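Enquirer: okay, predicted coordinates and the sequence, questions at the end:
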Protein chains: 4
Amino acid sequence: MPFDPQDPEFEARVRASFARQRMMQTIGAVLERVAPGEVDIRVPFRDEISQHHGFVHAGAITTAVDTACGYAALSLMPPGTGVLSIEFKVSLLSPGKGDAILARGRVVKPGRNVSFCQGEVFAVDGGAEKLVATMSATMMTVRGRPDVVD
Amino acid sequence: MPFDPQDPEFEARVRASFARQRMMQTIGAVLERVAPGEVDIRVPFRDEISQHHGFVHAGAITTAVDTACGYAALSLMPPGTGVLSIEFKVSLLSPGKGDAILARGRVVKPGRNVSFCQGEVFAVDGGAEKLVATMSATMMTVRGRPDVVD
Amino acid sequence: MPFDPQDPEFEARVRASFARQRMMQTIGAVLERVAPGEVDIRVPFRDEISQHHGFVHAGAITTAVDTACGYAALSLMPPGTGVLSIEFKVSLLSPGKGDAILARGRVVKPGRNVSFCQGEVFAVDGGAEKLVATMSATMMTVRGRPDVVD
Amino acid sequence: MPFDPQDPEFEARVRASFARQRMMQTIGAVLERVAPGEVDIRVPFRDEISQHHGFVHAGAITTAVDTACGYAALSLMPPGTGVLSIEFKVSLLSPGKGDAILARGRVVKPGRNVSFCQGEVFAVDGGAEKLVATMSATMMTVRGRPDVVD
């Protein structure tokens, strides 16, 4: 089902917030698609994000898909609000290897205070995509103070 | 209850593996304590790991505590084996701010194939420590092939 | 993608195991569809499974969808093996109310020792179905001893 | 750290709500200790809550510890409010067998809208207690409408 954004400037808001996340630059993440309730983030493979066997670190996978889920939720929130992750679970189906990982965050149920999201992470290798991780996440709408989970 | 390591060289094995993780260098993580079933990792605050409000990114927090839990599990595994994260859940109680974050990984129940771990992440600010995140994780013992979750 | 079961008697095996679960009778659960990697369980609404506001208790929802995911995994395991839940996460999107709940368990990635599953729970009210909960679960193949998660 | 309840009648409120949960009677659960941020629930072993190997069903374990965590959170909420589970994760360390299971729910961080809890479940066999499951849960304060997670 398609979602109806409350903020017509949702894409600009998401892109501006993404640009302020230094961690995204640190792992080399690129914000691709921004649609109502849907955000895709790509992270090209680089040695800087690898773990001890040379695959993409679970932490880098999580960083990308948490951010995709958070911005998917933010895209449906009212103007003037922010987003914080309350919690997430990540299942690591297969090691991340190839040219890049692609993290897709989707809102399952938006809410006034609490939004439920799911994410999928694919390893992209040449033209092939393989599902390597899934996320189930809860996001909070932040009004006023950005520093309080309450 | 204290755990009895199967590999007398467990600390050297954990430290050597940590040193091969480029992602740890990328976020500036330092491996501190390594004991049987217990590993602590410190990440000094740096702009490079911040999110859009200037706090430590949930992805950096997760990267540190996943690694601490994984190595806590590895410290109890037999020589010649490796470790992969099967899944983890992270609860983000409060934003991470201060001088550094300290991630503590602990084994709750070791197993032949599957080990259960819990992690706690503290924000360190001056002399004060504040709990900012918790992790519940499942780790797998890897024999032979490092690239298969099976 | 369709899965290829290793045990041609998978459906009989799942149905026989379900019949031994007294907890299923206690909550009034009915095993409906059994296909390779897919199991559906229906629980008609009854006061006996309600919580303090009169909705279906989150514990009953979890009981149904954990069992659906576990048997979805078992349907792809070799003859002579059993299944245990290692862990699961449940997100409770909306209260469960209506005529019945329908829990659908699906295998996302089967494995020799560890299988990843996802579940969805719908509240059925007249002809309408509403998604009320999601599950992300990890299941273990049990060989020999049914009483050890290892 | 001890918590300071906002409602001096917290124990009566928790016990009255527990008494309205038919699911608690169905699994034979007994509400034991109620303290600020801490609730213990005991479930004597009975065939009616068993799974296919004769152990306590993961669903019954979850029902007990979810309820313990929910009421631990409710004990710290203001008068006139209610509680709903947003999500929980359960790790099943060992099969539940013995005379009874004992579920202990604890608040890790209370909040105005969102409270974080952890639970532990022990199998009690004679005088011995063995940790068989852990829970990490998020609870929501409900004001006014008990039927909306929002």
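Expert: Perfect, I can see it now. Residues are numbered from 1 along each chain as shown, chains lettered A, B, ... in the order given.

Enquirer: just the terminal-to-terminal distance for stretch A:41-50.
Expert: Stretch A:41-50 has an end-to-end distance of 18 Å (C-alpha to C-alpha, to the nearest Å).

Enquirer: do that stretch and chain B meet at all?
Expert: Yes - residues of stretch A:41-50 contacting chain B under C-beta under 8 Å from any C-beta of the partner chain: A:47-50. Where you see a C-beta, it was placed from the backbone N, CA and C, and this is true even at glycine.

Enquirer: what comes up buried for that stretch?
Expert: For stretch A:41-50, a neighbour-count test (16 or more other C-beta atoms under 10 Å in any protein chain shown) marks A:41-43, A:45, A:49-50 as buried.

Enquirer: in strands, which of those fall?
Expert: A:41-43 (DSSP state E).

Enquirer: for residue A:46, grab phi and psi.
Expert: Main-chain dihedrals, residue A:46, degrees, to the nearest 10: phi -150, psi 150.

Enquirer: find the nearest non-adjacent residue to residue A:59, please.
Expert: Nearest residue to residue A:59, sequence neighbours excluded (C-beta to C-beta, 6 or more residues apart in numbering or on different chains): residue B:63, at 2.6 Å.

Enquirer: whoops, I mixed them up, residue A:56
Expert: Sequence neighbours aside, residue A:96 is the residue nearest to residue A:56 in space, at 3.5 Å (criterion: C-beta to C-beta, 6+ apart).

Enquirer: show me the residues around that neighbour that make contact.
Expert: A:55-56, A:60-61, A:121, A:123, A:132-133 (C-beta atoms under 8 Å, 6 or more residues apart in numbering or on different chains).

Enquirer: which pLDDT value belongs to it?
Expert: For residue A:96, the pLDDT comes out at 91.

Enquirer: that one and residue B:27, how far apart?
Expert: From residue A:96 over to residue B:27 the distance is 17 Å, taken as C-beta to C-beta, to the nearest Å.

Enquirer: likewise for residue A:63?
Expert: Using C-beta to C-beta, we find residue A:63 at a distance of 9 Å from residue B:27.

Enquirer: overlap of the contact sets of these two?
Expert: Shared contacts of residue A:63 and residue B:27, counting by C-beta under 8 Å, 6+ apart, come down to B:60, B:63.

Enquirer: buried residues in the lengthiest strand in chain A?
Expert: Longest among the strand segments of chain A by residue count, using DSSP E, is strand A:128-142. Neighbour counts over strand A:128-142 (16+ other C-beta under 10 Å) mark A:132-142 as buried.

Enquirer: ok, the residues you listed vs chain C, which is closest?
Expert: Nearest to chain C among the buried residues of strand A:128-142: residue A:136, at 4.8 Å, using C-beta to the nearest C-beta.

Enquirer: OK, contacts around residue A:42?
Expert: The contact partners of residue A:42, taken as C-beta under 8 Å, 6+ apart, are A:29-30, A:32, A:100-103, A:124.

Enquirer: also residue A:4?
Expert: Contacts of residue A:4 (C-beta under 8 Å, 6+ apart): residue A:36.

Enquirer: that one - that's part of a strand, no?
Expert: No - using DSSP: H, G, I helix; E, B strand; the rest coil, the assignment for residue A:4 is coil, not a strand.

Enquirer: of the contacts of residue A:42, select the buried ones using a PyMOL command.
Expert: Buried residues within the contacts of residue A:42, by 16+ other C-beta under 10 Å, are selected in PyMOL with:
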select buried, chain A and resi 29+100+101+102+103+124
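
Enquirer: got a list of what the residue nearest to residue A:135 when sequence neighbours are not counted touches?
Expert: Distances taken as C-beta to C-beta, 6+ apart put residue A:119 closest to residue A:135, at 3.5 Å, once the chain neighbours are dropped. Contacts of residue A:119 were listed using C-beta under 8 Å, 6+ apart, and they are A:65-66, A:68-69, A:103-106, A:133-137.

Enquirer: tell me the mean pLDDT for the helix or strand encompassing residue A:119?
Expert: For residue A:119, the host element (DSSP states H and E) is strand A:114-125. Average pLDDT, strand A:114-125: 98.

Enquirer: now that strand: buried residues?
Expert: A:114-124.

Enquirer: partner strands of it and their direction?
Expert: Taking DSSP bridges as the criterion, strand A:114-125 forms sheet pairs with strand A:100-109 (antiparallel), strand A:128-142 (antiparallel).

Enquirer: relative to chain C, how far out is the nearest residue to residue A:42 once chain neighbours are set aside?
Expert: Leaving aside its sequence neighbours, residue A:42 sits nearest to residue A:30 (C-beta to C-beta, 6+ apart; 4.8 Å). Residue A:30 is 26 Å from chain C, where distance means C-beta to the nearest C-beta, to the nearest Å.

Enquirer: hmm, back to that, send the alpha carbons of the strand holding residue A:119 over as CSV?
Expert: Extracted in CSV, the C-alpha atoms of strand A:114-125 (Å, rounded to 0.1, in the frame of the first residue of the first chain):
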residue,chain,number,x,y,z
VAL,A,114,6.4,4.9,17.0
SER,A,115,6.9,3.6,13.5
PHE,A,116,7.7,0.0,12.5
CYS,A,117,10.1,-0.7,9.7
GLN,A,118,11.7,-3.6,7.9
GLY,A,119,14.9,-3.6,5.9
GLU,A,120,16.6,-5.9,3.5
VAL,A,121,20.3,-5.8,2.5
PHE,A,122,21.5,-7.2,-0.8
ALA,A,123,25.1,-7.9,-1.9
VAL,A,124,25.4,-6.7,-5.4
ASP,A,125,28.0,-8.6,-7.5
